[in-house]
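Q: Please find the sequence and the predicted model below.
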Amino acid sequence: MHDARLRVETWSAVWSLLREDGHRILAADLPGHGASDLTPGSLEMDSLCDDVVRVLDFFDVQNGILVGHGVGGFIAIQYMLNYPKHARWRLPHGFVCIACSAGNLQETVGHETLRQLSKLFNVVRLPEMVAYFDMSGEVSISKRLGTNASFAAVRVALEASRVAASEWAVRNLSDMQWHFDLHPQIPALELPSALLLSSHDERVPRPLALRDSFQASGSLRAFKLLEDAGHFIPLTRAGEVAQIVATALSQ
């Protein structure tokens with residue numbers, strides 16, 4: 001499952017390396033890719049999870065592994081939560097989660113603050129929210145999102161401000177106008193899971209809360225940080241990504 005901004009072309013080096021080793025690749029770009037004009041709610045989380053089921057069944061995937069990058073990682077996680085038996089059957093090698101920052105805002109401000117912000121967003125337009133939190137860099141972006149952007153966009157903007165990385169974070173995530181929790185509380189997934197390839201690049205949030213959630217569930221196989229990799233890991237460090245996926249498949 002590719003990220004919102006990274007199409008199959010960005011992953012082509014990784015997939016080519018794995019195909020050379022004899023692996024079959026099913027690469028899924030997200031609907032509404034890039035500069036999408038889709039309205040809020042048109043890309044629902046559950047329908048995307050259903051698409052994962054249909055793709056795996058259509059291609060009769062067996063002995064597989066699920067790779068999720070960025071927003072694609074959120075979808076992959078939700079698929080495993082929605083369809084645990086299906087995931088165990090089709091994907092016995094588990095899950096590789098790449099540069100997925102779920103949980104960072106949650107671990108910083110806590111659930112109660114998020115609840116209050118959610119209530120506030122019900123009555124305040126996104127541009128006003130941005131102005132309130134003094135995120136001048138997001139004003140033009142908030143206008144592009146419009147007045148009905150999902151609360152997920154606000155969370156991303158807040159997190160971007162916190163890590164002094166507003167331009168990077170919003171460019172990669174805020175177009176996803178979906179109504180779902182970017183910070184899932186993960187119960188005990190029955191898949192062996194590999195939470196991999198975060199970065200020491202200061203512009204990329206580290207998914208520590210997501211790591212801790214997997215660890216608490218007993219499903220964390222490995223957590224790795226790469227130096228100066230950034231969010232474009234599949235493009236800049238293709239060999240390492242391919243090796244990590246191949247290693248997970250061999251276990």
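A: That came in fine, so what should we check first?
Q: Where does residue 249 sit: helix, strand or coil?
A: Using DSSP: H, G, I helix; E, B strand; the rest coil, the structure places residue 249 in helix.
Q: per-residue pLDDT, it?
A: Residue 249 carries a pLDDT value of 85.
Q: What's the mean pLDDT across the helix or strand encompassing residue 77?
A: Element membership for residue 77, per DSSP states H and E: helix 71-82. Taken as a whole, helix 71-82 carries a mean pLDDT of 79.
Q: in the helix or strand that it is followed by, what's buried?
A: Later in the chain than helix 71-82, the nearest helix or strand by DSSP H and E is helix 84-90. Neighbour-count burial for helix 84-90 flags 86-87, 90 (criterion: 16 or more other C-beta atoms under 10 Å). In this view, the C-beta of every residue, glycine as well, is placed from N, C-alpha and C.
Q: what does helix 84-90 contact?
A: 53, 56-57, 61-62, 64, 66, 79-80, 189-191 (C-beta atoms under 8 Å, 6 or more residues apart in numbering).
Q: partners of the helix or strand just after it in the sheet?
A: Next helix or strand after helix 84-90 toward the C-terminus (DSSP H and E): strand 95-98. Partners of strand 95-98 in the sheet, by DSSP bridges, are strand 66-69 (parallel), strand 193-199 (parallel).
Q: and stretch 49-57, which residues are buried?
A: Quick answer for stretch 49-57 (16+ other C-beta under 10 Å): 49, 51-52, 56.
Q: Can you lay out those as a markdown table showing secondary structure and pLDDT?
A: As requested, the buried residues of stretch 49-57 are exported to a markdown table (DSSP: H, G, I helix; E, B strand; the rest coil; pLDDT from 0 to 100):
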| residue | secondary structure | pLDDT |
| --- | --- | --- |
| 49 | helix | 78 |
| 51 | helix | 76 |
| 52 | helix | 82 |
| 56 | helix | 87 |
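Q: mind putting the residues you listed in TSV, distance to residue 251 included?
A: What follows is the buried residues of stretch 49-57, written out as TSV (distance: C-beta to C-beta, whole Å):
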residue	distance to residue 251
49	25
51	27
52	22
56	20
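Q: Which helix or which strand is home to the residue lying closest to residue 59 once chain neighbours are set aside?
A: Ranked by C-beta to C-beta, 6 or more residues apart in numbering and with sequence neighbours excluded, the top spatial neighbour of residue 59 is residue 26, at 5.7 Å. Taking DSSP H and E as the definition, residue 26 sits outside all helices and strands.
Q: what's the spacing between residue 26 and residue 51?
A: Note on residue 26: its distance to residue 51, by C-beta to C-beta, to the nearest Å, is 12 Å.
Q: and what of residue 62?
A: From residue 62 over to residue 51 (counting by C-beta to C-beta), the distance is 19 Å.
Q: same question, residue 235
A: 25 Å.
Q: Which helix or strand in the protein has the lowest average pLDDT?
A: In the chain, the helix or strand scored least confidently by mean pLDDT, DSSP states H and E is helix 166-173, which has a mean of 35.
Q: what bits of this protein have low per-residue confidence?
A: With pLDDT under 70 as the threshold, the chain has low-confidence stretches at 3-9, 28-47, 71, 101-185, 187-188, 194-209, 230-231.
Q: Could I get the contacting residues of the closest residue to residue 13 other than its chain neighbours?
A: Take residue 13 and drop its neighbours on the chain: the residue closest to it by C-beta to C-beta, 6+ apart is residue 238, 3.7 Å away. Residues in contact with residue 238 (C-beta under 8 Å, 6+ apart) are 13-14, 17.
Q: burial count for the residue nearest to residue 59?
A: 15 (other C-beta atoms under 10 Å).
Q: Also residue 62?
A: 10.
Q: Wasn't it part of a strand?
A: No - secondary structure of residue 62 (three-state DSSP): coil, not part of a strand.
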